[in-house]
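>>> Sequence and predicted model, in that order:
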Amino acid sequence: MSGHSKWANIKHRKSAQDAKKGKVFTRIAKEITIAAKQGGGEIDSNFKLRTLVDKARAVNMPADNIQRSIKRGTGELPGVNYEEQVYEGYGPEGVAVLIACLTDNKNRTVSEVRRVFTANGCNMAEAGSVSWMFETKGVIRITTDGLSEDDLIEQLIDFNIDDVEVDGKEAIITVSPKQLEQVKKVLENTGHKVESSEVEPMAKTLIDLPENKQQKVIDFLEKIEELDDVQNVYTNLK
């Protein structure tokens, strides 16, 4: 199996800390509002919304916050009009970076993103310059209870699983976006605790760097992710 990005693992481990600061609530609330605006407020018929509500519950986001975010999206409550923006560029050591934002002011957002790139000697790129290096996948994280990669592959033999990686007590399972919900249900029905399930861009090929150079890249990615309008940062760093 190919393995998952080190940055993706760091982001996931940081989510509990972010939840304490309330930042993750703000980000998920924006995503829920957009999903409800695009696909309606019924989680049974809006797969993206259902996935985000599950994500919100996983970080203990209050139910009232979730409902308000949905109602802002459906127009039942007033709210800010967010737009989705994706920026591309090359970070330290030439790593490819995709930055997903939700913003009510595109000029402000691109200016803030560009400032971090410039301050770190890096360059933003034209649309399509980096995105072709990524493909959209469904990513499920579970607690393993001591199971190996082979155990999980056997449990999911009926699905076309792209990747399974066990890292300590956690497993990361990569599937096609169309199979995400089905695989998640199978895992839940067989007693696994699903920590998260999301559709996200994944690099087709990962770049491996020495430890000292990896840290330089990670420091840069963290600065990007700290920006208020940034929802997610994706890279091809191994």
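Alright, I've got the coordinates.

>>> Now do the contacts for Cys57.
Rather than Cys, residue 57 is Arg. Ile66 (C-beta atoms under 8 Å, 6 or more residues apart in numbering). Using the backbone N, CA and C atoms, a C-beta is placed for each residue, glycine as well.

>>> Please identify which helix or strand holds it.
Secondary structure assigned from DSSP states H and E places Arg57 in helix 47-58.

>>> May I see the buried residues of that helix?
Within helix 47-58, the residues that count as buried by 16 or more other C-beta atoms under 10 Å are Phe47, Lys48, Leu49, Arg50, Thr51, Leu52, Val53, Lys55, Ala56, Ala58.

>>> cool, stretch 111-122 as well?
Buried residues in stretch 111-122, defined by neighbour count with 16+ other C-beta under 10 Å: Glu112, Val113, Val116, Phe117, Asn120, Cys122.

>>> could you point out which element follows the helix or strand of the chain with the lowest mean pLDDT?
Across the helices and strands of the chain, mean confidence by mean pLDDT, DSSP states H and E is lowest for helix 6-21: a mean of 59. Once the chain leaves helix 6-21, the next helix or strand it forms, by DSSP H and E, is helix 23-39.

>>> Off-centre distance for that next one?
In this view, helix 23-39 has its centroid 13 Å away from the chain centroid, taken as C-alpha atoms, centre = their mean, to the nearest Å.

>>> which residues of the protein fall in helices?
Shown for the chain, the helices assigned by DSSP state H span residues 6-21, 23-39, 47-58, 63-74, 106-119, 149-155, 180-189, 211-225.

>>> Among those, which comes closest to Lys137?
Comparison of those against Lys137 by C-beta to C-beta identifies helix 180-189 as nearest, at 8.7 Å.

>>> Hey, what's the angle from that closest one to helix 47-58? Just curious.
Using axes from the mean of the first three to the mean of the last three C-alpha atoms, to 10 degrees, the direction of helix 180-189 lies 40 degrees away from that of helix 47-58.

>>> tell me how far helix 180-189 is from the chain's mean position?
On the basis of C-alpha atoms, centre = their mean, helix 180-189 is displaced by 18 Å from the centre of the chain it belongs to.

>>> Let me know the outermost residue of the chain.
Largest separation from the mean C-alpha position in the chain: Glu76, at 27.5 Å (C-alpha atoms, centre = their mean).

>>> ok, that one - contacts?
For Glu76, the contact set (C-beta under 8 Å, 6+ apart) comprises Gly41.

>>> Need the per-residue pLDDT for it.
pLDDT, Glu76: 96.

>>> how much space between it and Lys37?
According to C-beta to C-beta, to the nearest Å, Glu76 and Lys37 sit 11 Å apart.

>>> Repeat that for Lys223.
For Lys223, the distance to Lys37 - C-beta to C-beta - is 30 Å.

>>> same question, Ser197
Counting by C-beta to C-beta, the gap from Ser197 to Lys37 is 22 Å.

>>> neighbour-wise, which of these two wins?
Ser197 (24 against 18; other C-beta atoms under 10 Å).

>>> Would you mind naming the residues that bridge with that one?
Ile140 (DSSP bridges).

>>> And the pLDDT at it?
Predicted confidence (pLDDT) for Ser197: 88.

>>> Now do the same contact list for the nearest residue to Pro78 once chain neighbours are set aside.
Once flanking residues are discounted, Pro78 sits nearest to Arg72: 7.3 Å by C-beta to C-beta, 6 or more residues apart in numbering. Contacts for Arg72 were tallied using C-beta under 8 Å, 6+ apart; they are Thr33, Ala36, Pro78, Gly79, Val80.
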